[in-house]
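K.L.:
Fold the following and give me the result.
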Amino acid sequence: MKTEFSVRRYRGFYTLFYKELLRFYKVSLQTLLAPVVTTLLYLLVFSHALEEHVVVYERIAYTVFLVPGLVMMTIIQNAFANSSSSLIQSKVTGNIVFVLLAPLSHLEFFLAFVLAAVVRGLLVGLGVYLVATAFVAVPLHSLAIIVVFAILGSALLATLGVIAGIWAEKFDQLAGFQNFIIMPLTFLSGVFYSIHSLPPFWQALSHLNPFFYMIDGFRYGFFGVSDVHPGLSMFIVLFFFVFLSILTLSLVGRGWRLRN
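P.N.:
Down below sits the predicted model:
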């Protein structure tokens, strides 16, 4: 009886979460396979061009150094894309009203979109890792740290995707958010380089980029080496996730740009 009540109580959340999973699964060629292929092209091009010219960590080849950064980049970009695109499509087509009319709490609405985006991000990241390790041997220092940063990073970007999806009223606004905010912060986060190779001014500027801490902490899980202490990276990523989650729940509760 108690179990039946629990299932009934959260049926709305389960339904919305399942719908979001089906949404990217039905077009898995585009949402899961295509990002893996794109990321591997980055790996092939950058490793071929810079393998003999760039040394980041001692006894770690540049191609090996690239893999964790590219995996994390893929995770966070796909987590953002999933939650943001789902919301903007629902708003443009008008079917967001059916979600808003359902007996869902603000937390259930938020969690359904974020958790589905996390699942997509982790699946694509795992795909990139498995294919990349078929070509290069990547060490594994701490699986626990890798998993924690992967989940936190994807959850943070999924939350940011919900904010972007709520804010945007047209597809080009969402594209602008991604092109002028997400992409620059991602590419300037140390995916392709260590910030210690930068001049002092740009090193200091890199420390203001929260994406840098996701990449650096995630990479520590593979090599046991990082540009900043992984504990600091975890704290900063967690702080931004909590802050953005509170902001998102506030926006959903007010119905800002959702009920207009």
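
K.L.:
For the residue most central in space within the chain, which non-adjacent residue is spatially closest?
P.N.:
Central residue of the chain (C-alpha atoms, centre = their mean): Ile76, 1.9 Å from the mean position. Closest residue to Ile76 apart from its sequence neighbours, by C-beta to C-beta, 6 or more residues apart in numbering: Leu157 at 4.2 Å. For glycine as for every other residue, the C-beta is placed from the backbone atoms N, C-alpha and C.

K.L.:
That neighbour: what's it in contact with?
P.N.:
By C-beta atoms under 8 Å, 6 or more residues apart in numbering, Leu157 lies in contact with 75-77, 79-80, 117, 121, 182.

K.L.:
Count the residues that sit near Arg120.
P.N.:
Neighbour count for Arg120, taken as other C-beta atoms under 10 Å: 27.

K.L.:
How far does the strand or helix carrying it sit from its chain's centre?
P.N.:
Using DSSP states H and E, Arg120 maps to helix 106-132. Between the centre of helix 106-132 and the centre of its chain there are 8 Å (C-alpha atoms, centre = their mean, to the nearest Å).

K.L.:
Could you do stretch 246-254 as well?
P.N.:
Here the centre of stretch 246-254 is set off from its chain's centre by 20 Å, with C-alpha atoms, centre = their mean.

K.L.:
Just the buried residues of it, please?
P.N.:
Residues 248-249, 251-252 are the ones in stretch 246-254 that count as buried (16 or more other C-beta atoms under 10 Å).

K.L.:
okay if I get those as a markdown table plus secondary structure and distance to Phe149?
P.N.:
Below are the buried residues of stretch 246-254 laid out as a markdown table (DSSP: H, G, I helix; E, B strand; the rest coil; distance: C-beta to C-beta, whole Å):
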| residue | secondary structure | distance to Phe149 |
| --- | --- | --- |
| Thr248 | helix | 21 |
| Leu249 | helix | 23 |
| Leu251 | helix | 26 |
| Val252 | helix | 26 |
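
K.L.:
Next up, the contacts around the closest residue to Leu251 other than its chain neighbours.
P.N.:
Nearest residue to Leu251, sequence neighbours excluded (C-beta to C-beta, 6+ apart): Ile166, at 5.4 Å. The contact partners of Ile166, by C-beta under 8 Å, 6+ apart, come to 87, 248, 251-252, 256-258.

K.L.:
again, only using 10 Å
P.N.:
83-84, 87-88, 91, 96, 248, 251-252, 254-258 (C-beta atoms under 10 Å, 6 or more residues apart in numbering).

K.L.:
Tell me the spacing between it and Ser84.
P.N.:
Look at Ile166 and Ser84: by C-beta to C-beta, to the nearest Å, they are 9 Å apart.

K.L.:
do Ser245 as well
P.N.:
Ser245 is 16 Å from Ser84, where distance means C-beta to C-beta.

K.L.:
and if you look at Ile181?
P.N.:
Counting by C-beta to C-beta, the separation of Ile181 from Ser84 is 11 Å.
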